[in-house]
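Engineer: Attaching a predicted model along with its sequence, questions to come.
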Amino acid sequence: MPKIETLKANTDFRRAYMRGKSYTNPALVVYVIKNRAGICRMGITTSKKIGNAVQRNRARRVIREAFYQIDQPLHGSYDIVFVARTKTVRKKSTEIYQAMVPMLRKAGVLQDEKTAS
């Protein structure tokens, strides 16, 4: 897996929201946009609609763990922003992983198993 950094700057998040392509699921929203950094960068957003600080931190942990479970190489350099939804808090990382992989494949970040060989 290539080196992955985290997004920290508000401008990077806003750029992904405004110009990135979004993919939705009842438990997760993913924004994907190409970058020129040469590496994949990942950011996670949780709003106060999710719940208190404990629930927001758990949602971030679950999303982060699901992303790190991906064992396929990522194509190119992308900024990926995950937005937690209220259902994210009640899900386990394996369930988030199963929702995340098809969205990343559709976005072109992951390659299909058919084309991987």
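Structural biologist: That came in fine, so what should we check first?
Engineer: going forward, measure contacts between C-alpha atoms and count neighbours the same way
Structural biologist: OK.
Engineer: can you count the residues close to residue 77?
Structural biologist: 18 (other Cα atoms under 10 Å).
Engineer: go on, residue 53?
Structural biologist: When neighbours are defined as other Cα under 10 Å, residue 53 has 12 of them.
Engineer: again, but for residue 58
Structural biologist: Neighbour tally, residue 58, other Cα under 10 Å: 16.
Engineer: Over to the one 5 residues further on?
Structural biologist: For residue 63, the tally of surrounding residues (other Cα under 10 Å) stands at 27.
Engineer: gap between residue 79 and residue 66?
Structural biologist: 17 Å (Cα to Cα, to the nearest Å).
Engineer: Now find how far off-centre stretch 30-39 is within its chain.
Structural biologist: Put simply, stretch 30-39 sits 11 Å off its chain's centre (Cα atoms, centre = their mean, to the nearest Å).
Engineer: same question but for stretch 88-105, I mixed them up
Structural biologist: 9 Å.
Engineer: contact partners of it?
Structural biologist: The contact list for stretch 88-105, computed with Cα atoms under 8 Å, 6 or more residues apart in numbering, reads 23-25, 27-28, 30, 50, 55-56, 58-59, 62-63, 65-67, 69-70, 110-112.
Engineer: Looking at residue 79 and residue 66, which is more packed in?
Structural biologist: For residue 79 versus residue 66, neighbours defined as other Cα under 10 Å are more numerous around residue 79 (26 against 20).
Engineer: Enumerate the beta-bridge partners assigned to the more buried one.
Structural biologist: Taking DSSP bridges as the rule, residue 79 bridges to residue 33, residue 41.
Engineer: ok, it touching residue 30?
Structural biologist: No. With contact defined as Cα atoms under 8 Å, residue 79 does not reach residue 30; the gap is 10.3 Å.
Engineer: I'd like the average pLDDT over the helix or strand residue 103 falls within.
Structural biologist: Assigned by DSSP states H and E, residue 103 belongs to helix 93-107. Averaging pLDDT along helix 93-107 gives 95.
Engineer: What residues sit buried inside that helix?
Structural biologist: 93, 96-97, 99-101, 103-104, 107 (16 or more other Cα atoms under 10 Å).
Engineer: Greatest separation within the residues you listed: which pair is it?
Structural biologist: Spatial extent of the buried residues of helix 93-107 (Cα to Cα) is set by the pair 93 and 107 at 20.4 Å.
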